[in-house]
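Student: have a look at this prediction, sequence included:
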Amino acid sequence: MESQALSEVAQAATQQMSLWDMVWSSDTITKLVMIGLIAASVWSWAIILEKFAVLRQVRRQSKKFEEAFWSGGSLDRLYEAIGNRPRDPMSAIFVAAMREWKRNTLMIGKTDRSLRGVSLQQRIEKAMSVSMEKEMDSLDTHLGFLATTASVAPLVGLFGTVWGIINSFNAIAVTQSNSLSAMAPGIAEALFTTAFGLIAAIPAVVAYNAISSNIDRYSRSLDNFITEFSTILSREIDATTLKADMAGE
C-alpha cells in the first residue's frame, strides 16, 4: 500500500510538472520572460528566413547581370535595358556609374586636360561607392536584432533562472519544508526560462554568423566588380579624352 501511494504521488507530480502547467502556474514575471523570449525567437526566425531568401535571390539576379555584362554586348544597351529599375546591388552600381558617365562625358572636351579625365574617374568611382553602401545597408537591415537576441536572450533566461530560484526559497520559507515538492516548481520554472533563452539565442547567433559571412562574401564580389568596371571606364575615358584632344587640334 505504501509503495502504491508513493507511485500515485510520483505520477501526480509528473502530471503537475507538464509543460503547460509550468507555463500557466508560473508568476507574472516568469510569464513575461517566457513571452518575451518566445516573441524574440519568432521574430528572429522571420528575419532569418527573409534574409536567406533575399540573399539567394540577390545572388541569382547578380549572376544573370554578370552574364549579360561580360557577354561582350554594348554597355549602353545593357544600361537602357535595366533603366531605373535595377534588381540587384550589382546592377544598381552599374546604373549609378553609367548615369555619372553619361552625365559628364560631354564635359570632357570643355575642361582642363590635366583634370578632366581624373575628375570624371573619381566621380564615377564615388558614385559606385555610394551606391554600394546603400545596397549593403539594405542587406544589413534587421541583422542588429539577431545580434542583440544572440547576446541578450541567455541573460534574460538567466534572469528567469534567478527569479525561479528565489521563488523556490520563498516556497521553502512559507512551507517551512526543504522537501523536493516545495522546491520543484520554482526550480522547474528556472530551468524552463533558461531553455527558452537558449532556444532564442542559439538560432540567432548561428544565423547571424552565416548571414554576415554571406553578405561579406557578396560585398567582396561587388568590390571586384567595381574595380573591374572602373578599369573599363578608365580606358573609355582615356579614349574619349584622346578624341576630344584630336578634335581640338
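Tutor: In hand now; what should we look at?
Student: A46: which element?
Tutor: helix 28-69 (DSSP states H and E).
Student: and the helices in the chain, which stretches?
Tutor: For the chain, the helices defined by DSSP state H occupy 2-16, 19-25, 28-69, 75-82, 89-105, 113-139, 143-175, 180-248.
Student: tell me what angle the third one forms with helix 180-248.
Tutor: It refers to helix 28-69. Angle of helix 28-69 versus helix 180-248, following axes from the mean of the first three to the mean of the last three Cα atoms, to 10 degrees, is 30 degrees.
Student: buried deepest among the helices of the chain, which one?
Tutor: Highest mean neighbour count of the helices of the chain: helix 89-105, a mean of 20 (counted as mean count of other Cβ atoms under 10 Å). Where C-beta positions appear, they are placed from N, C-alpha and C, glycine not excepted.
Student: any regions of the protein where pLDDT drops low?
Tutor: Along the chain, the parts satisfying pLDDT under 70 run over 1-26, 105-118, 171, 173-186, 240-249.
Student: in it, which residue is closest to the centre?
Tutor: In the chain, the C-alpha nearest the mean C-alpha coordinate belongs to L143, at 3.3 Å (Cα atoms, centre = their mean).
Student: now H142. Its backbone dihedrals?
Tutor: Taking degrees, to the nearest 10, you get phi 70, psi 0 for the backbone angles of H142.
Student: excluding chain neighbours, what is closest to it?
Tutor: Of all residues not flanking H142 in the chain, I47 sits nearest, at 4.8 Å (Cβ to Cβ, 6 or more residues apart in numbering).
Student: quick one: the one you found and E66, what's the gap?
Tutor: For I47, the distance to E66 equals 28 Å [Cβ to Cβ, to the nearest Å].
Student: thought R59 was touching L222?
Tutor: No: the pair R59 / L222 is not scored as a contact, 11.5 Å apart, by Cβ atoms under 8 Å.
Student: L78 contacts A68, doesn't it?
Tutor: Yes: the pair L78 and A68 passes the contact test of Cβ under 8 Å, sitting 5.8 Å apart.
Student: skip the chain neighbours and tell me the closest residue to S138.
Tutor: Sequence neighbours aside, P89 is the residue nearest to S138 in space, at 8.0 Å (criterion: Cβ to Cβ, 6+ apart).
Student: what sits against the one you found?
Tutor: Counting by Cβ atoms under 8 Å, 6 or more residues apart in numbering, P89 makes contact with V58, S62, S131, M132, E135, M136, S138, L139, Y218, L222.
Student: any chance of these in CSV with distance to I165 as columns?
Tutor: CSV is the format used below for the contacts of P89 (distance: Cβ to Cβ, whole Å):
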residue, distance to I165
V58, 47
S62, 52
S131, 54
M132, 51
E135, 49
M136, 45
S138, 44
L139, 42
Y218, 46
L222, 51
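Student: and these, which is closest to V33?
Tutor: Proximity of the contacts of P89 to V33 (Cβ to Cβ) peaks at L139, which lies at 32.2 Å.
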